[in-house]
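# 3D, please:
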Amino acid sequence: MTDGNAAGLGASVCTLVRGREDRLRRLMQGLARQSALPRELVIAWMQPEPASGLPDPGCPVRHVLVPGEPMPLAAARNRAAEAASGDLLVFLDVDCIPSPGLVAAYAAAAEAARGLFLGEVLYLPPGAVDPDDLDRLGRRHPARPAVPETGLRREPDAGQLWGLSFALPAAGWHAVGGMDESFTGYGGEETDLAARLAGAGLATYWVGGARAYHQHHPVHVPPLQHFAAILANAARFHARHGGWCMTYWLDQFRAAGLIAWDEAAPAIRLIRPPSEAEIAASLRPDALFS
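Okay, here's the model as predicted:
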């Protein structure tokens with residue numbers, strides 16, 4: 001089913017895992033269906049040991065263990081990048097099933113330009129996992145722009161980086177030191193990376209054909225379970241870059257009466273934290289987007 005050369009592409013696919021073994025299996029099965037295989041899959045396990053009995057993704061697999069609480073998202077990506085041997089790093093969230101052309105599209109983008117490459121992610125409804133149904137059932141996030149069918153489109157806002165699916169030269173990652181591990185808990189570390197890459201001269205592009213499908217899981221709307229971490233990481237980002245990240249969620253927190261904030265504000269003023277009842281009520285089992 002695959003006609004590409006794993007070593008020839010020089011692409012290392014990296015993913016982070018805590019639990020979600022069923023999601024990882026579908027990601028790996030999606031890699032095995034690629035029109036051109038990656039050089040390897042690097043799995044950063046944010047748990048005591050790897051899962052067993054995983055499917056063959058059609059390429060070698062490297063395992064790294066990255067303990068820590070709360071989930072060490074930035075550290076896990078850094079350890080995966082350090083373990084990777086490819087010239088191109090492709091980061092794919094464990095919830096994502098890659099389309100058959102994802103690796104080839106990212107590799108072609110890297111041959112055409114030097115940049116930070118962003119792929120389209122379609123969100124799936126509950127129970128949608130059959131590869132033949134994913135294009136029909138997937139929905140684009142309302143906060144994300146449409147992506148070209150083929151080729152590259154320059155994106156002036158590096159902050160469009162969303163950690164579900166992206167790629168960049170390994171040399172570019174290492175030149176800026178990877179992700180900043182002082183961003184703890186949920187949010188901010190991806191946008192900080194994008195800003196530092198842009199500051200180092202790496203352009204951002206949308207990539208046609210690098211589509212992934214986000215497997216459904218219940219979400220909080222807004223993500224009140226990460227309220228404190230989002231505020232802290234947004235403030236850390238603002239102190240470094242002079243602007244705000246995660247504005248989509250800050251807008252939701254403001255609308256809920258939890259914070260006083262706007263994009264011109266020098267700081268976020270806490271009105272009150274969400275109650276346990278509000279956090280529980282924000283869980284939406286059938287919502288596609290947070």
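# Report how far apart the opening and closing residues of stretch 79-96 are.
Terminal residues of stretch 79-96 are spaced 20 Å apart (CA to CA, to the nearest Å).
# just checking, what's the longest helix in the protein?
Identified as the longest helix of the chain according to DSSP state H is helix 227-241.
# which is the next helix or strand following that helix?
helix 247-255 (DSSP states H and E).
# pLDDT on the helix or strand that comes right after that following helix, on average?
Going down the chain from helix 247-255, the next helix or strand is strand 259-260, by DSSP H and E. Regarding strand 259-260, the rounded mean pLDDT is 98.
# same check, this time on stretch 93-103
97.
# Give me the residues contacting that stretch.
4, 9, 11, 13, 15-17, 20, 23-24, 26-27, 29-31, 33-38, 90, 92, 119, 121, 129, 131, 134, 163-165, 209-215, 217 (CB atoms under 8 Å, 6 or more residues apart in numbering). Glycine gets a C-beta too; all of them are placed from N, C-alpha and C.
# can you pull the contacts of A75?
A75 makes contacts with 66, 68, 179, 181, as judged by CB under 8 Å, 6+ apart.
# repeat that for 6 Å
66, 181 (CB atoms under 6 Å, 6 or more residues apart in numbering).
# same deal with L118?
166, 206.
# Beta-bridge partners for it, please?
Bridge pairing for L118 (DSSP bridges) gives the partners F166, W206.
# related to what we said a few turns ago, mark which of the contacts of stretch 93-103 are buried, thanks.
If you count burial by 16 or more other CB atoms under 10 Å, the buried members of the contacts of stretch 93-103 come out as 4, 9, 11, 13, 15-17, 20, 23-24, 26-27, 29-31, 33-38, 90, 92, 119, 121, 129, 134, 163-165, 209-215.
# Out of those residues, name the ones that lie in helices.
Members of the buried ones among the contacts of stretch 93-103 lying in helices (criterion: DSSP H): 9, 23-24, 26-27, 29-31, 134.
# which of those sit farthest apart?
L9 and R23 (23.9 Å; CB to CB).
# Find the helix or strand that E49 is a member of.
In the assignment (DSSP H and E), E49 maps to no helix and no strand.
# Could you check how far the nearest residue to it once chain neighbours are set aside is from G188?
Residue nearest to E49 in three dimensions, not counting chain neighbours: L65, with 7.3 Å by CB to CB, 6 or more residues apart in numbering. From L65 across to G188, the span is 24 Å (CB to CB, to the nearest Å).
# Which one's more surrounded, the two?
Remark: of L65 and G188, G188 carries more neighbours, 27 against 14, as counted by other CB atoms under 10 Å.
# residue contacts, the nearest residue to the more buried one once chain neighbours are set aside?
Nearest residue to G188, sequence neighbours excluded (CB to CB, 6+ apart): N233, at 3.2 Å. Taking CB under 6 Å, 6+ apart as the contact definition, N233 lies against 183, 187-188.
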